[in-house]
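Chemist: sequence first, then the predicted structure, then my questions.
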Amino acid sequence: MTMDSKLLNFGVGDWRDVMIHTLGPNGTSSEAAAGFFSEWFGQRYPGSRVQLNLSDSYEHARSNMGEHTPGVLIVANAYPQIHDFYMSPRLSLVATFVFDAPLYGLASKGPLTTRKLTLASHPAPLLLIEELLPRLRSARQRHHLHRHGSSLAHSGPY
């Protein structure tokens, strides 16, 4: 599958300089998605310059978008508040793309026991975690899911 077949372009401009805003810190799936878009953009517009701005939240990333600099905001479609971005009068949907998240692993500070298990997760995959770990419920082991609080939108001139 080519990069163009993974990206539906509704109006990505022929910008020479563009700032990508998304969720940080380094190593997030959002940063990886920004890398995918940067590669696509660089192939489509040779000689362009892409910069990346990582923020503490998608909302903060949106606030950091300049009014006069071409900028795009990459937000995961799985984000529970994605509608706030789709419905924002300040943003225009310019592209959507498919980007598989990197593989994830589970880590533990020590051997797992039958005591309370704590999983830390972004809110988006909570239902998926419960679906993939049904033995936690069936074995009546108590579990607690701790909540930590990809589409592309544009703000600024085309």
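Modeler: Received it, and whenever you're ready, just let me know what you need.
Chemist: which parts of stretch 80-87 are buried?
Modeler: For stretch 80-87, the neighbour count (16 or more other CB atoms under 10 Å) marks I82, F85 as buried. Where you see a C-beta, it was placed from the backbone N, CA and C, and this is true even at glycine.
Chemist: next one: stretch 16-29
Modeler: Here stretch 16-29 shows V18, M19, I20, H21, T22, L23, G24, T28, S29 as buried, counting by 16+ other CB under 10 Å.
Chemist: I'd like to check what contacts it. Which residues are they?
Modeler: Applying CB atoms under 8 Å, 6 or more residues apart in numbering, the contact partners of stretch 16-29 are 30-31, 33-34, 37-38, 41, 45, 47-58, 61-62, 64-66, 69-76, 101-102.
Chemist: so which of those belong to helices?
Modeler: S30, E31, A33, A34, F37, S38, F41, Y58, A61, R62 (DSSP state H).
Chemist: select only the buried ones of those residues in PyMOL?
Modeler: Buried subset of these, written as a PyMOL selection, criterion 16+ other CB under 10 Å:
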select buried, resi 30+31+33+34+37+38+41+58+61+62
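Chemist: just the ones in helices among the contacts of stretch 16-29: which has the poorest pLDDT?
Modeler: Across the set of the ones in helices among the contacts of stretch 16-29, F41 stands lowest in pLDDT, at 88.
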